[in-house]
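In: Provided below are the primary sequence and the corresponding predicted coordinates.
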Amino acid sequence: MEYKKLIKINIEKLEELRAEKQTELTSLQFKLVNSSLKDTSQLAKVRKDISQIKTAIKQKETVSDDDN
């Protein structure tokens, strides 16, 4: 998901999305261990998505703290 789209989403939805991606990452890791994962680049993509989501959440929290 693009970062520009992430910063437009509210924090609650971002947390839900992060949890979904974390579950997806865990599933991919199990598939990797079981040798049933064909495209190992999926792991990096999901990790990158999680990182971008966490960054967007942190940015929103920082901005909301500055407003108060």
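Out: Done, it's in.
In: residues touching the residue nearest the centre of the chain, list them.
Out: In the chain, the C-alpha nearest the mean C-alpha coordinate belongs to Ile50, at 2.2 Å (Cα atoms, centre = their mean). Shown in contact with Ile50 (Cβ atoms under 8 Å, 6 or more residues apart in numbering): 18, 21-22, 25. To be clear about C-beta, it is placed using only N, CA and C from the backbone, and glycine gets the same treatment.
In: and whatever helix or strand Thr23 lives in, which residues are buried?
Out: Applying DSSP states H and E as the criterion places Thr23 in helix 11-33. Within helix 11-33, the residues that count as buried by 16 or more other Cβ atoms under 10 Å are 14, 17-18, 21, 24-25, 28.
In: and which of those is nearest Glu61?
Out: Leu14 (10.3 Å; Cβ to Cβ).
In: can you give me the distance of the closest one to Gln29?
Out: According to Cβ to Cβ, to the nearest Å, Leu14 and Gln29 sit 22 Å apart.
In: same check on Glu20?
Out: Distance, Glu20 to Gln29, using Cβ to Cβ: 15 Å.
In: show me what contacts Lys54?
Out: Here Lys54 is in contact with Arg18 (Cβ under 8 Å, 6+ apart).
In: roughly how far apart are it and Lys60?
Out: From Lys54 over to Lys60 the distance is 11 Å, taken as Cβ to Cβ.
In: which element follows the helix holding Thr23 toward the C-terminus?
Out: The helix or strand immediately downstream of helix 11-33 is helix 41-67, counting by DSSP H and E.
In: taking helix 11-33 as reference, get the angle to that following helix.
Out: 160 degrees (axes from the mean of the first three to the mean of the last three Cα atoms, to 10 degrees).
In: that older thread, packing partners for the helix holding Thr23?
Out: In this structure, helix 11-33 packs against helix 41-67, with contacts taken as 3 or more Cβ pairs under 8 Å, 6 or more residues apart in numbering; DSSP states H and E.
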